[in-house]
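Participant: got a predicted structure plus its sequence, pasted below:
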Amino acid sequence: MNQPKPNQHASQIVSELAELYAEATARLRQALVAYLGQGTVPEQQARDSGVFAYPELRITYQPEGKPPVFSRAFGKLSEPGEYVTTITEPELFRAYLEEQLTLLLRDYKVEVQIGISEVEIPYTYVLDGGDDLNMENADPAELARLFPFADLVTIGDEIADGEFAADDGTRPLALFDGPRTDLSLHRLDHYTGTPFAHIQQFILFTNYHRYVDEFITWSLKQLREGDEYTQLSVAGRVTIDKNTKDAEAKIAESQWHKYQMPAYHLQAKDGRGITLVNIGVGPTNAKTITEHLAVLRPQCWLMIGHCGGLRQSQRLGDYVLAHAYHRNDHVLDDILPLDIPIPALAEIQVALAEATARVSGEGMDKVKTRLRTGTVVSKDDRNWELRYTQEARIINRSRAIAVDMESATIAANGFRFRVPYGTLLCVSDKPLHGEIKLPGAANLFYQKSVREHMLIGFETIKILKNDVAHRLHSRKLRAFEEPPFR
């Protein structure tokens with residue numbers, strides 16, 4: 001029999017994981033139907049045998065000599081041993097899992113085992129999808145007693161934060177296991193107002209709703225005039241394709257305002273489209289959403305929003321390309337201490353600068369008069385100007401050229417979760433110099449600056465997808481002892 005090609009083998013592994021997952025979730029759902037309908041309590045013996053459990057992926061690596069050395073940032077086994085993780089939603093993560101497994105199967109002599117873990121799937125994650133569950137009179141406390149639930153004691157970011165040590169001596173195969181991933185997937189539904197399965201691999205964040213309007217306008221044009229993208233999913237659970245009639249009206253009628261951080265997904269094959277999330281103002285939302293989006297292992301996330309310019313030479317509408325972050329947001333200080341640097345990623349920086357030149361139609365020399373690289377300071381206090389004397393001294397020492405409330409948080413969690421990140425901000429006021437947009441010019445300013453800025457974000461993603469995809473995941477984001485999976 002011919003040896004299967006690595007990608008075929010990887011595909012088979014994912015299919016087996018998907019079958020085990022589908023069987024477990026089906027049994028859990030059937031047990032809930034039986035309990036809610038007839039009061040039938042699931043047998044403990046059946047639960048002990050793993051009928052509701054996540055599938056487990058285990059890779060054993062016992063090389064005869066020194067492990068080979070590869071320059072890539074992931075898909076590497078640096079030490080002998082057993083690497084284990086639980087898996088949720090295998091079909092959603094198929095492309096990701098096949099990519100990781102293909103590298104390991106191709107370059108290492110490993111043994112792969114697929115089985116049932118000892119970790120049960122929480123019942124709350126199978127409640128959606130039908131009318132056969134009568135939850136009207138259900139008692140949450142009783143359900144948690146009889147069925148597996150999301151026990152927060154067993155869910156955390158210890159692997160990503162380098163604080164995990166398994167009792168049995170195994171090593172983690174991935175940054176996020178099944179329970180941690182499931183928690184975030186369902187939080188994403190709650191916060192964004194869109195199905196988590198619609199989230200794309202290239203993510204833009206903004207802190208201003210006018211960017212959403214431009215994103216929708218551009219997305220509808222792509223759907224109607226091209227074939228790269230398949231549909232637009234908007235907050236409020238509305239989907240649009242090229243044949244949708246009255247698309248603008250349907251989007252306008254969507255209930256996006258009910259959601260804390262409404263999201264918009266221009267979907268493409270294999271998830272290689274663009275997601276925009278309006279995180280609003282403040283580092284708390286930025287921290288929350290990035291901690292949940294990270295489980296989807298996106299290719300990158302970029303902050304595209306407004307900021308205050310801190311230099312006299314800057315003009316309204318100029319751009320700031322962050323190459324350093326003064327973290328004055330305080331939301332990650334206990335998790336990622338301030339003495340840990342957040343490096344700029346060359347591939348992202350170059351793509352943002354090149355995209356600015358392409359969209360503006362100006363040469364790089366001309367662009368440099370409008371685009372300045374430097375430090376962005378992110379605050380957790382929107383009214384920092386009220387302590388002008390104290391804050392001005394701190395900003396002066398940091399050499400910051402712009403101030404916002406989100407960029408440092410997004411970059412810090414990108415570093416923490418190994419997701420490539422970058423920031424391009426547009427100067428909308430100059431708080432230290434008393435320069436603001438006059439009412440008569442405000443709408444014109446926003447119309448011009450937001451449209452160009454959004455186009456730069458789209459062009460940056462185009463560059464990253466087409467020109468530097470193989471170099472996007474930098475080894476700067478990996479520690480010396482990392483899980484093999486990206």
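Facilitator: That came through, no problem.

Participant: show me the shaky parts of the stretch 351-486 of the chain.
Facilitator: 433-446, 469 (pLDDT under 70).

Participant: could you measure from the residue lying closest to I394 once chain neighbours are set aside over to W384?
Facilitator: Closest residue to I394 apart from its sequence neighbours, by Cβ to Cβ, 6 or more residues apart in numbering: N328 at 7.6 Å. Yep, even glycine has a C-beta here, placed from its N, CA and C like the rest. Note on N328: its distance to W384, by Cβ to Cβ, to the nearest Å, is 8 Å.

Participant: same question, P42
Facilitator: As judged by Cβ to Cβ, P42 and W384 stand 54 Å apart.

Participant: then D168?
Facilitator: Using Cβ to Cβ, D168 is found at 49 Å from W384.

Participant: so these two - more neighbours on which side?
Facilitator: Applying other Cβ atoms under 10 Å to D168 and W384 shows that W384 carries more neighbours, namely 20 against 6.

Participant: from Y35, how far off is that one?
Facilitator: Applying Cβ to Cβ to W384 and Y35 gives a distance of 53 Å.

Participant: please apply the same query to K76.
Facilitator: 45 Å.

Participant: E118: which element?
Facilitator: If you go by DSSP states H and E, E118 is part of strand 110-120.

Participant: would you mind listing the buried residues in that strand?
Facilitator: Applying a neighbour-count criterion of 16 or more other Cβ atoms under 10 Å, one finds V110, V112, I114, I116, S117, V119, E120 buried in strand 110-120.

Participant: then stretch 370-382?
Facilitator: L371, R372, T373, G374, T375, V376, V377, S378, K379, D380.

Participant: next: stretch 253-271.
Facilitator: Buried positions in stretch 253-271, judged by neighbour count with 16+ other Cβ under 10 Å: S254, W256, Y259, M261, P262, A263, Y264, H265, L266, Q267, A268, G271.

Participant: is it true that the third one touches L188?
Facilitator: No: in this structure, Y259 sits apart from L188 without contact. The criterion is Cβ atoms under 8 Å, and the distance is 10.6 Å.

Participant: let me see the domain layout of the protein.
Facilitator: 6-182, 189-475 (automatic domain parsing).

Participant: contacting residues for G363?
Facilitator: With contact taken as Cβ atoms under 8 Å, 6 or more residues apart in numbering, G363 is in contact with A357.

Participant: make that G309, sorry
Facilitator: R315, L316, D318, V320, I401, A402, V427, D429, K430.

Participant: now the third one. Nearest residue, chain neighbours left out?
Facilitator: By that I understand D318. Among residues not flanking D318 along the chain, V427 sits closest, at 4.7 Å (Cβ to Cβ, 6+ apart).

Participant: quick one on the thing from earlier: name the helices or strands packed onto the strand holding E118?
Facilitator: Packing contacts for strand 110-120, counted by 3 or more Cβ pairs under 8 Å, 6 or more residues apart in numbering; DSSP states H and E, involve helix 6-38, strand 53-61, helix 94-107, helix 178-192.

Participant: and the ones you listed as TSV, adding mean pLDDT, distance to Y421 and mean neighbour count?
Facilitator: As requested, these are arranged in TSV below (pLDDT from 0 to 100; distance: least, Cβ to Cβ, whole Å; neighbours: other Cβ atoms under 10 Å):
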stretch	mean pLDDT	distance to Y421	mean neighbour count
helix 6-38	92	28	17
strand 53-61	97	28	22
helix 94-107	96	18	19
helix 178-192	97	18	21
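
Participant: among those, which is nearest E481?
Facilitator: Smallest distance to E481 across the helices and strands packed on strand 110-120 (Cβ to Cβ): 14.3 Å, for strand 53-61.

Participant: compute the inter-axis angle for the closest one and helix 6-38.
Facilitator: Counting by axes from the mean of the first three to the mean of the last three Cα atoms, to 10 degrees, strand 53-61 lies at 160 degrees to helix 6-38.

Participant: run the angle between strand 53-61 and strand 110-120 for me.
Facilitator: Using the same axes, to 10 degrees: strand 53-61 against strand 110-120 is 150 degrees.

Participant: against which helices or strands is whatever helix or strand comes next after strand 53-61 packed?
Facilitator: Counting by DSSP H and E, the next helix or strand C-terminal to strand 53-61 is strand 81-86. Other elements packing on strand 81-86 under the criterion 3+ Cβ pairs under 8 Å, 6+ apart are strand 53-61, strand 171-172, helix 178-192.

Participant: so for R418, which of these sits nearest?
Facilitator: For these, the distance to R418 is smallest for strand 171-172, at 13.1 Å, taking Cβ to Cβ.

Participant: give me the sheet partners of that closest one and which way each runs.
Facilitator: strand 81-86 (parallel) (DSSP bridges).

Participant: can you give me the strands for the stretch 251-400 of the chain?
Facilitator: 263-268, 274-278, 300-309, 319-328, 371-379, 400-404 (DSSP state E, counting those that start in this stretch).

Participant: still on that earlier bit, which element follows the strand holding E118 toward the C-terminus?
Facilitator: As assigned by DSSP H and E, the chain's next helix or strand after strand 110-120 is helix 140-146.

Participant: flag every buried residue along that next one.
Facilitator: Result for helix 140-146 [16+ other Cβ under 10 Å]: buried residues L143, L146.

Participant: same check, this time on stretch 68-84
Facilitator: A73, F74, G75, K76, L77, E82, Y83, V84.

Participant: neighbouring contacts of that stretch?
Facilitator: By Cβ under 8 Å, 6+ apart, stretch 68-84 touches 56-63, 67, 99-100, 103-104, 107-108, 110, 166, 169-173, 473-475, 477-478, 480-486.

Participant: again, only this time at 6 Å
Facilitator: 58-63, 67, 100, 103, 108, 170-171, 173, 473, 475, 478, 484, 486 (Cβ atoms under 6 Å, 6 or more residues apart in numbering).

Participant: same deal with stretch 52-59?
Facilitator: Under the criterion Cβ under 6 Å, 6+ apart, residues 17, 20-21, 24, 28, 83-87, 110, 112-113, 115-117, 119-121, 148, 178 lie in contact with stretch 52-59.

Participant: again with stretch 406-423
Facilitator: With Cβ under 6 Å, 6+ apart as the test, stretch 406-423 has contacts from 160, 205, 207, 283, 286-287, 290, 294, 298, 300-303, 322, 325, 327, 329, 331-332, 336, 342, 345, 348, 352, 376, 378, 472, 477.

Participant: please name the nearest non-neighbouring residue to Y421.
Facilitator: Nearest to Y421 is G414, by Cβ to Cβ, 6+ apart, at 3.0 Å.

Participant: go on, L332?
Facilitator: Take L332 and drop its neighbours on the chain: the residue closest to it by Cβ to Cβ, 6+ apart is A412, 5.2 Å away.

Participant: could you check how far that neighbour is from E406?
Facilitator: From A412 to E406 the distance is 11 Å (Cβ to Cβ).

Participant: got it, and T102?
Facilitator: Counting by Cβ to Cβ, the gap from T102 to E406 is 36 Å.
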